[in-house]
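Novice: A predicted structure for the sequence below; I have some questions about it.
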Amino acid sequence: MSGLKVAAVATQILLLATSPAHSAAGDAIKYETWTGACQLAAELSKIQNIAAKKITDATETASSYLRQYFKTRILLEKTQRGNYKPAQLALLAYYAKKADDAAVYYNKANVLAQATAIRDSARLEGAIIDFVGALNQIVDGTHNCLQKGSADNNHRPAAASFDGIEAGCNSNTAALTGQAATISGFTAAGYSGALGAEKDENAITGGGTPKCTITAPKATNRLLNQGAGTTITGTPRYAGGIFYLHTNGLKQAATDQLTTEGPNNKMLAAAHRAYLATQHTVETFKFKDSTQLKEDPDFIKLYKKIVLKDKEPTTEADTALKNQIEAAFGPKEEMGKTYNSGFSDVSIINPQAADPPTLALTALTSIEQLTAVLQFYETQNRKFLTDKIAELEEKINKGASKTQEKICNDIGDKNETGCKNTPGCHLVSTNPEGTKCTVNPAATKTVNEATGKGAEGTTASDRCTKHGSNKEACEKENTPGQTPVCGFRKGKEGETDEPDKEKCRNGSFLVTKKFALSVVSAAFVALLF
């Protein structure tokens, strides 16, 4: 990975190749030691993939919860005309929170932390591969720098690749996969694995025929002077600081205590920090059914806040509340089909092309597509609501002469909610068909007063408008101390009959308007349910 390291190794190869046969040399590095470095390199490669997975998991989790949020809203807009139940609002808030939580993870600081972990682990891995790979090629017909096998000091010829526990020292240029992996050897303190505590030259190099100048003692070392040799005054370090040249020969630095970074273990300590930076769990998307939501602290808190109107909700739930949550969504199989697996059966408009005109909800994969479809159904529902209100207002405005009995009868025999919520009406199940929703005598007086009708059903409008420009006759319709029935005035907002002309007008116009809107509201609720 480092051009300086490669140049240094090349120099060492040249010096070794040109050294006289009688030159002093060290022994080959023991098999357990150099393969231990290769095993560390393999673990460092895993760390890189784990760090990449942390980032991709967070982005995919946020995206998945966001897509689930949109799909659920589209479902409700299409099937319920956007009339969300409180529990459904809590579910949408839950998806939004989960997306937000995941998005928080891939903020700048967290992404940089994982990117740094990838860099630091890759840097040490590359240093190990450079060093061991070079030693693997420093070979002639008799000598070599790497022991052939465990306790095997015979000649080890150069190999094109490494196998088994050596495999971590193969150069790997493949793209990161972002796959999960189990790390071995690393601890909270450092890397014990196949290296661990500091070891001297006797522990990491072995005797026998193979010799290697690189592992030779500093004194009369031929790396600088291939003739008589000279003493090296510095401390050459190899493989990111794992190995270093000592007075008596090559040693292995301690790797089991890396929490404190010093001048000699910077790359090792950084690689250990990379390991620590990946030792946490990133939540991934998981659809939860009613039996799981009732146990989820986040959902419990949102349910209390939105459904129960709790201003200081907690994450705890007793059995009764858990049962209430489960009942709100139905059995787990039913909820799963409605809010997840059944999305494939929901047909929605095709946001991209006229052919085919519809698609399955599951076919939408991008936020752009989901937004377009949601906006389509929201617009459609707003138009439906506006048209329906206009229709009902028109009926009410035209129904000034309509009897209260007729208003009630028209609601229908089976619409108990609409009948009950319409002022002046109640449901009498024993009445004949078509008249079960009938006038509530106790409320009739209140309704007539609110609409300005007299005892005979004569409206205030009739009583007032007949006087035209006769102010005196107009004012005689009013009883002192009571709400005026008529008023000699210009038209108010909403009155279309010569609004700029002063004449006798209905004094209870605003009361009537409010009543009309209350009837519209009640009728619309009846329509939805």
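Specialist: Yep, it's here.
Novice: contact partners for the residue nearest the centre of the chain?
Specialist: Compute the mean C-alpha point of the chain, and by Cα atoms, centre = their mean the closest residue is A62, 1.9 Å away. Contact analysis of A62 by Cβ atoms under 8 Å, 6 or more residues apart in numbering lists 99-100, 102-103, 106. For the C-beta atoms, the positions are set from N, CA and C on the backbone; glycine is no exception.
Novice: among those residues, which are in helices?
Specialist: If you go by DSSP state H, the contacts of A62 have 99-100, 102-103 in helices.
Novice: name the nearest of those relative to C437.
Specialist: If you rank the ones in helices among the contacts of A62 by distance to C437 using Cβ to Cβ, A99 comes first, at 45.7 Å.
Novice: count of neighbours near the nearest residue to that closest one once chain neighbours are set aside?
Specialist: In this structure, A99 finds its nearest non-sequential neighbour in Y65, 3.8 Å apart by Cβ to Cβ, 6 or more residues apart in numbering. Here the count is done by other Cβ atoms under 10 Å, and Y65 has 24 residues near it.
Novice: just the strands in the stretch 1-150 of the chain please.
Specialist: All strands of the stretch 1-150 of the chain, identified by DSSP state E, counting those that start in this stretch, fall at 26-27.
Novice: shaky segments in it?
Specialist: 1-24 (pLDDT under 70).
Novice: and the helices in it, which stretches?
Specialist: Under the criterion DSSP state H, counting those that start in this stretch, helices of the stretch 1-150 of the chain are mapped to 3-18, 31-80, 86-105, 108-137.
Novice: for the last one, buried residues please.
Specialist: Of the residues in helix 108-137, those buried by neighbour count under the rule 16 or more other Cβ atoms under 10 Å are 110, 113-114, 117-118, 120-136.
Novice: run the angle between the helix or strand hosting A327 and helix 86-105 for me.
Specialist: Using DSSP states H and E, A327 sits within helix 319-329. On the basis of axes from the mean of the first three to the mean of the last three Cα atoms, to 10 degrees, helix 319-329 is oriented at 100 degrees to helix 86-105.
Novice: counting by contacts, list what helix 319-329 packs against.
Specialist: Packing contacts for helix 319-329, counted by 3 or more Cβ pairs under 8 Å, 6 or more residues apart in numbering; DSSP states H and E, involve helix 86-105, helix 290-293, helix 297-306, helix 332-339.
Novice: tabulate those (CSV), appending mean neighbour count.
Specialist: Formatted as CSV, the helices and strands packed on helix 319-329 follow (neighbours: other Cβ atoms under 10 Å):
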stretch, mean neighbour count
helix 86-105, 18
helix 290-293, 18
helix 297-306, 19
helix 332-339, 17
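Novice: nearest to R237, of these?
Specialist: helix 86-105 (36.5 Å).
Novice: before we move on, the earlier item: could you dump the helices of the stretch 1-150 of the chain to JSON lines with distance to D410?
Specialist: JSON lines is the format used below for those (distance: least, Cβ to Cβ, whole Å):
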{"stretch": "helix 3-18", "distance to D410": "89"}
{"stretch": "helix 31-80", "distance to D410": "25"}
{"stretch": "helix 86-105", "distance to D410": "30"}
{"stretch": "helix 108-137", "distance to D410": "62"}
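Novice: out of the ones you listed, which is closest to A269?
Specialist: Comparing these against A269 with Cβ to Cβ, the closest turns out to be helix 108-137 (9.0 Å).
Novice: just checking, next helix/strand downstream of that closest one?
Specialist: Past helix 108-137, further along toward the C-terminus, the next helix or strand under DSSP H and E is helix 201-204.
Novice: so which bits of that following helix are buried?
Specialist: Per 16+ other Cβ under 10 Å, helix 201-204 contains these buried residues: 201, 204.
Novice: next secondary structure after that helix?
Specialist: Moving toward the C-terminus from helix 201-204, the next helix or strand (DSSP H and E) is strand 211-212.
Novice: list the strands paired with the helix or strand just after that following strand, with their directions.
Specialist: Downstream of strand 211-212, the first helix or strand assigned by DSSP H and E is strand 237-238. Here strand 237-238 has these sheet partners by DSSP bridges: strand 243-246 (antiparallel).
Novice: how about the contacts made by the residue nearest to K148 when sequence neighbours are not counted?
Specialist: Leaving out its chain neighbours, the residue that sits closest to K148 by Cβ to Cβ, 6+ apart is R156, at 3.7 Å. Counting by Cβ under 8 Å, 6+ apart, R156 makes contact with 28, 139, 144, 146-149, 210.
Novice: of these, buried ones?
Specialist: By 16+ other Cβ under 10 Å, the contacts of R156 give 28, 139, 144, 146-148, 210 as buried.
Novice: my guess is A317 meets I300, correct?
Specialist: Yes: taking Cβ atoms under 8 Å as the definition, A317 is a contact partner of I300 at 4.6 Å.
Novice: intersection of neighbour lists for the two?
Specialist: 294, 325.
Novice: run the chain-centre distance for stretch 336-353.
Specialist: Relative to its parent chain, stretch 336-353 has a centroid offset of 21 Å by Cα atoms, centre = their mean, to the nearest Å.
Novice: whoops, stretch 52-68 was the one
Specialist: Between the centre of stretch 52-68 and the centre of its host chain there is 5 Å, according to Cα atoms, centre = their mean.
Novice: try stretch 489-509
Specialist: Averaging C-alpha positions (Cα atoms, centre = their mean) puts stretch 489-509 57 Å from its chain's average.
Novice: what average pLDDT does it get?
Specialist: In this model, stretch 489-509 has a mean pLDDT of 79.
Novice: stretch 385-397 now?
Specialist: For stretch 385-397, mean pLDDT rounds to 85.
Novice: mind listing what's buried in that stretch?
Specialist: Result for stretch 385-397 [16+ other Cβ under 10 Å]: buried residues 385, 388, 392-393, 395-396.
Novice: repeat for stretch 426-436
Specialist: 426-427, 436.
Novice: out of those, which is nearest to Y339?
Specialist: Among the buried residues of stretch 426-436, L427 lies closest to Y339 (Cβ to Cβ), at 34.0 Å.
Novice: that closest one and R156: what is the separation?
Specialist: Distance, L427 to R156, using Cβ to Cβ, to the nearest Å: 97 Å.
Novice: distance between the ends of stretch 249-257?
Specialist: End-to-end distance for stretch 249-257, by Cα to Cα, to the nearest Å: 23 Å.
Novice: wait, stretch 137-147
Specialist: 13 Å.
Novice: could you list the residues in contact with it?
Specialist: Contacts of stretch 137-147 (Cβ under 8 Å, 6+ apart): 12-13, 16-17, 25, 28-31, 34, 132, 135-136, 153, 155-158, 206, 209-212, 214-215.
Novice: swap in stretch 289-305?
Specialist: 87, 90-91, 93-94, 97-98, 288, 310-311, 313-317, 321-323, 325-326, 328-333, 335-336.
Novice: and that stretch, what's its mean pLDDT?
Specialist: Mean predicted lDDT for stretch 289-305 stands at 98.
Novice: let's number from 20 now, not from 1
Specialist: Sure, I'll start numbering at 20, so the last one becomes stretch 308-324.
Novice: CA-only coordinates of that stretch in CSV, if you can.
Specialist: Listed next in CSV are the C-alpha coordinates belonging to stretch 308-324 (Å, rounded to 0.1, in the frame of the first residue of the first chain):
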residue,chain,number,x,y,z
ASP,A,308,-47.8,-7.1,13.8
SER,A,309,-50.3,-6.3,16.6
THR,A,310,-48.7,-8.8,19.1
GLN,A,311,-45.3,-7.2,18.6
LEU,A,312,-46.5,-3.5,18.6
LYS,A,313,-48.1,-3.9,21.9
GLU,A,314,-44.7,-4.8,23.4
ASP,A,315,-42.8,-2.1,21.5
PRO,A,316,-41.9,0.8,23.9
ASP,A,317,-41.7,3.3,21.0
PHE,A,318,-45.2,2.4,19.7
ILE,A,319,-46.7,2.3,23.2
LYS,A,320,-45.5,5.8,23.9
LEU,A,321,-46.9,7.1,20.5
TYR,A,322,-50.2,5.2,21.1
LYS,A,323,-50.6,6.9,24.5
LYS,A,324,-49.8,10.3,23.0
